[in-house]
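S.K.: need a structure here:
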Amino acid sequence: MLRFVLRRLGLTLVAVWGALSAVFLVLHSSGNPAVMMAPVGASEEQIAALGRALGYDRPLAEQYVTFFGDALRGQFPDSLTFQQPALTVVTDRLPATLTLAATALVLACVVAAAVGLWSGAGVLRGRRPGAAREWPMGLVFLAQSVPGFFIGVLLVWIFGVRLQWLPTSGASGAGALVLPAITLACGVVPPLARVFRNSLTGELARPYTRTGLALGMRRGRVLRHAAHGSMLPTVTVLGLEAGALLGGTVIVENVFSWPGVGQLVITALQNEDYPLVLADLTFLITAFVVVNLVVDLLYGVLDPRVRHSNGGH
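M.R.: This next block holds a predicted model:
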């Protein structure tokens with residue numbers, strides 16, 4: 001098990017290194033960062049002085065090493081917009097984003113499990129899938145075909161403008177969390193429900209299911225065993241979607257004016273706040289990779305064959 005964990009940690013570090021290298025190259029490909037950071041109307045002398053102060057006049061390789069050292073220590077220049085350390089600005093917004101993402105993920109898991117179990121219960125009774133069992137999956141596919149920002153705008157119009165049941169912006173209380181969490185969950189439910197339903201159907205067709213029913217085991221217990229056997233592919237998709245969920249917050253938070261890291265990314269780009277862009281992207285990339293590391297480790301816990309096949313003991 002220890003070798004399995006160390007191997008995954010090593011791959012995670014390589015992934016973080018590659019992603020941060022891509023961020024560094026993309027941001028520097030647009031030109032001298034000092035030009036973007038200088039005030040409007042700054043002279044060439046002022047831009048050059050700013051570049052020297054921040055080290056942007058040094059060779060690119062030296063800047064690269066410095067950038068990585070600062071990123072590992074969590075040190076970034078002060079945000080041009082907020083006039084305080086960029087990482088501090090990001091961490092101040094972090095609780096709002098984590099609350100939104102966690103709520104959406106839990107909601108998506110509950111809905112996907114309900115849809116998969118509803119379809120699987122029909123298969124367990126020996127019935128062919130019909131409209132009564134397939135309409136929830138139809139709604140799931142419909143949600144997948146609609147862009148997330150459109151779902152958000154539609155929810156705002158129905159529940160915020162027309163019915164006036166829920167707040168449409170900000171983070172003032174639990175009610176303000178409902179609409180953005182539902183919008184974000186709509187992007188996660190379709191792949192999660194589809195994989196869980198297909199995996200569960202495959203498990204229910206295996207011999208141990210028929211044997212359990214023949215021995216008089218209750219259908220609910222058989223369904224629980226089959227659901228447990230369906231966890232491996234579902235957890236894989238869950239990890240990928242959990243990482244992508246952080247990227248989805250960029251759109252959803254701006255639709256609902258949710259004060260999180262996603263909204264901060266747009267603010268940084270609009271204001272050409274180079275240090276804040278670096279801090280934002282570094283956080284999002286690291287969070288994505290860490291989430292996938294957790295999923296890899298959880299995969300190894302659920303199926304010992306995975307860690308043994310990778311050299312674990």
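S.K.: next SSE downstream of the helix or strand containing residue 89?
M.R.: If you go by DSSP states H and E, residue 89 is part of helix 86-124. Downstream of helix 86-124, the next assigned helix or strand under DSSP H and E is helix 131-144.
S.K.: list the residues that contact residue 78.
M.R.: Residue 78 makes contacts with 84-86, 275, as judged by CB atoms under 8 Å, 6 or more residues apart in numbering. For the C-beta atoms, the positions are set from N, CA and C on the backbone; glycine is no exception.
S.K.: of those, buried ones?
M.R.: Taking 16 or more other CB atoms under 10 Å as the criterion, what is buried in the contacts of residue 78 is 85-86, 275.
S.K.: flag the least confident of these.
M.R.: Ranked by pLDDT, the buried ones among the contacts of residue 78 bottom out at residue 275, which scores 79.
S.K.: helix or strand for that residue, which one?
M.R.: helix 274-302.
S.K.: just the buried residues of that helix, please?
M.R.: So, applying 16+ other CB under 10 Å, buried residues of helix 274-302: 274-289, 291-293, 295-300.
S.K.: who's in contact with stretch 165-175?
M.R.: Against stretch 165-175 from outside (CB under 8 Å, 6+ apart): 96, 156, 159-161, 176-179, 256-259.
S.K.: no wait, stretch 142-154
M.R.: Contacts of stretch 142-154 (CB under 8 Å, 6+ apart): 179-180, 182-184, 186-187, 189-191, 248, 251-252, 255-256.
S.K.: show me the two of those residues that sit farthest apart.
M.R.: 191 and 256 (22.9 Å; CB to CB).
S.K.: so which of those two has more stuff around it?
M.R.: Set side by side, residue 191 and residue 256 show more neighbours around residue 256, with 28 against 19, by other CB atoms under 10 Å.
S.K.: quick check: the more buried one vs residue 192, distance?
M.R.: Residue 256 sits 22 Å away from residue 192, going by CB to CB, to the nearest Å.
S.K.: likewise for residue 204?
M.R.: Taking CB to CB, one finds residue 204 at 18 Å from residue 192.
S.K.: residue 209 too?
M.R.: Distance, residue 209 to residue 192, using CB to CB: 22 Å.
S.K.: also residue 171?
M.R.: Residue 171 is 26 Å from residue 192, by CB to CB.
S.K.: more neighbours: these two, which one.
M.R.: Legend: neighbour count by other CB under 10 Å for residue 171 and residue 192, higher for residue 192 (25 against 19).
S.K.: which residue packs closest to that one, ignoring adjacent ones?
M.R.: Leaving aside its chain neighbours, residue 192 sits nearest to residue 112 (3.9 Å; criterion: CB to CB, 6 or more residues apart in numbering).
S.K.: hang on, the one you found packs against residue 198?
M.R.: No: applying CB atoms under 8 Å as the test, residue 112 and residue 198 come out as separate, 11.8 Å apart.
S.K.: now do the domain split for the protein, please.
M.R.: For the chain, automatic domain parsing gives the domain ranges 2-73, 100-270.
S.K.: if we can go back for a sec, any of the contacts of stretch 142-154 buried? List them.
M.R.: Applying 16+ other CB under 10 Å to the contacts of stretch 142-154 flags 179-180, 182-184, 186-187, 189-191, 248, 251-252, 255-256 as buried.
S.K.: any idea which of those residues is least confident?
M.R.: For the buried ones among the contacts of stretch 142-154, the pLDDT minimum is residue 248, 74.
S.K.: which elements pack onto the helix or strand harbouring that residue?
M.R.: Assigning secondary structure by DSSP H and E places residue 248 in helix 231-255. Counting contacts by 3 or more CB pairs under 8 Å, 6 or more residues apart in numbering; DSSP states H and E, helix 231-255 packs against helix 86-124, helix 148-155, helix 175-186, helix 189-204, helix 261-270, helix 274-302.
S.K.: check the offset of that helix from the chain's centre.
M.R.: 3 Å (CA atoms, centre = their mean, to the nearest Å).
S.K.: let me know the closest of the buried ones among the contacts of stretch 142-154 to residue 6.
M.R.: residue 191 (30.3 Å).
S.K.: how many other residues sit next to the residue lying closest to residue 178 once chain neighbours are set aside?
M.R.: Nearest non-adjacent residue to residue 178, counting by CB to CB, 6+ apart: residue 166, 5.4 Å away. Residues contacting residue 166 under the criterion other CB under 10 Å number 16.
S.K.: is it fair to say residue 166 lies in a strand?
M.R.: No: applying DSSP: H, G, I helix; E, B strand; the rest coil, one finds residue 166 to be coil, outside a strand.
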